[in-house]
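Student: Fold the following and give me the result.
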Amino acid sequence: ASPRGAPRARARRAATLPAARPAASAETAAGGTSARADERLRRPRWGTLVGMPRETGIKRVAENRKARHDYFIDDTFEAGIVLVGTEVKSLREGRINLRDSYVEVRGSAHAPELFLVGAHISPYDQGNIWNHDPLRVRKLLMHRHEIERLAVKVREKGYTIVPTKVYLKDGRAKIEIGLGRGKKLYDKRHDMADKDAKRDMQRALRGRGEDRR
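Tutor: Below is the predicted model:
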């Protein structure tokens, strides 16, 4: 080829070559991410709950009024409840009855455990095959030294452990249990008389307020 045709041949070869990629920015070369990559990282993944408020505070679910009617409650404790299947959903709807329930101490003296017996949690309406036995025995969760203290009271001093109420604490199911001494018949009558007296006093106060109007 003549020297005059050499520049034209080099121009044709340059036109057929792929365009070179732009040089990486200083941020990307130093290990940073591009704006597009940052946008991908900020996008929520599937299954992520965006903007869902977290439950806080205490919400009462059920109360066992019979416990304080039948027992003198000397002390109360908070415990967790081991729930399965759809029990949590039923409990959130308030479908639990503590009326005939009690807490039983099981296991050895060195490793006692507490179980909730007789509490009725209704089956969840949409649970189908995942529903549970409404009256199944449920384990309670407490610190070991608290369980040992309660076990000693029950085995040596004749106390009874009864559930007083169930509530949600920061979205988690909790139960308050009381260390109780059984009331005699005259104790129950005395309590009923006190309630009647308080009720009569409240009615009298309401009547005075209406007369003033």
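Student: How about the contacts made by the residue nearest to residue 106 when sequence neighbours are not counted?
Tutor: Nearest residue to residue 106 in three dimensions, chain neighbours excluded: residue 113, at 5.3 Å (CB to CB, 6 or more residues apart in numbering). For the C-beta atoms, the positions are set from N, CA and C on the backbone; glycine is no exception. Neighbouring residues of residue 113 by CB atoms under 8 Å, 6 or more residues apart in numbering: 105, 106, 107, 139, 147.
Student: so which of those residues is the most crowded?
Tutor: The most crowded member of those is residue 147, carrying 20 neighbours; neighbours defined as other CB atoms under 10 Å.
Student: if you skip the residues just before and after it, what's nearest to it?
Tutor: Leaving aside its chain neighbours, residue 147 sits nearest to residue 112 (5.4 Å; criterion: CB to CB, 6+ apart).
Student: same deal with residue 119?
Tutor: residue 101 (4.0 Å).
Student: where's that neighbour relative to residue 113, distance?
Tutor: Separation of residue 101 from residue 113 (CB to CB, to the nearest Å) stands at 17 Å.
Student: do residue 87 as well
Tutor: In this view, residue 87 and residue 113 are 19 Å apart by CB to CB.
Student: re earlier: can you tell me which one of the contacts of residue 113 sits lowest on pLDDT?
Tutor: Note: of these, the lowest pLDDT belongs to residue 107, at 90.
Student: Quick check: it vs residue 81, distance?
Tutor: For residue 107 relative to residue 81 (CB to CB), the value is 18 Å.
Student: pretty sure residue 55 belongs to a helix, no?
Tutor: No. Under DSSP: H, G, I helix; E, B strand; the rest coil, residue 55 falls outside any helix and is assigned coil.
Student: who's in contact with it?
Tutor: Applying CB under 8 Å, 6+ apart, we find residue 55 in contact with 168, 170, 171.
Student: Grab the nearest non-local neighbour of the last one.
Tutor: Yep, that's residue 171 we're talking about. residue 55 (3.5 Å).
Student: Can you give me the distance of that neighbour to residue 172?
Tutor: Residue 55 is 9 Å from residue 172, by CB to CB.
Student: Wait, residue 147 touches residue 114, no?
Tutor: Yes. At 5.8 Å, residue 147 counts as touching residue 114 under the criterion of CB atoms under 8 Å.
Student: need the contact list for residue 182.
Tutor: Applying CB under 8 Å, 6+ apart, the residues near residue 182 are 70, 71, 72, 160.
Student: Highest neighbour count among these?
Tutor: Of the contacts of residue 182, with other CB under 10 Å as the count, residue 71 tops at 20 neighbours.
Student: For that one, list each beta-bridge partner.
Tutor: Beta bridges link residue 71 to residue 182 when assigned by DSSP bridges.
Student: Would you check that it makes contact with residue 178?
Tutor: Yes. Counting by CB under 8 Å, residue 71 touches residue 178, with 7.0 Å between them.
Student: quick one: common contacting residues for the two?
Tutor: residue 162.
Student: Next, count neighbours for residue 163.
Tutor: 26.
Student: Go ahead and list the helix or strand containing it.
Tutor: strand 160-169 (DSSP states H and E).
Student: could you say what helices and strands that strand packs with?
Tutor: With contacts taken as 3 or more CB pairs under 8 Å, 6 or more residues apart in numbering; DSSP states H and E, strand 160-169 sits against strand 58-63, helix 65-70, strand 71-81, strand 102-106, helix 144-157, strand 172-182.
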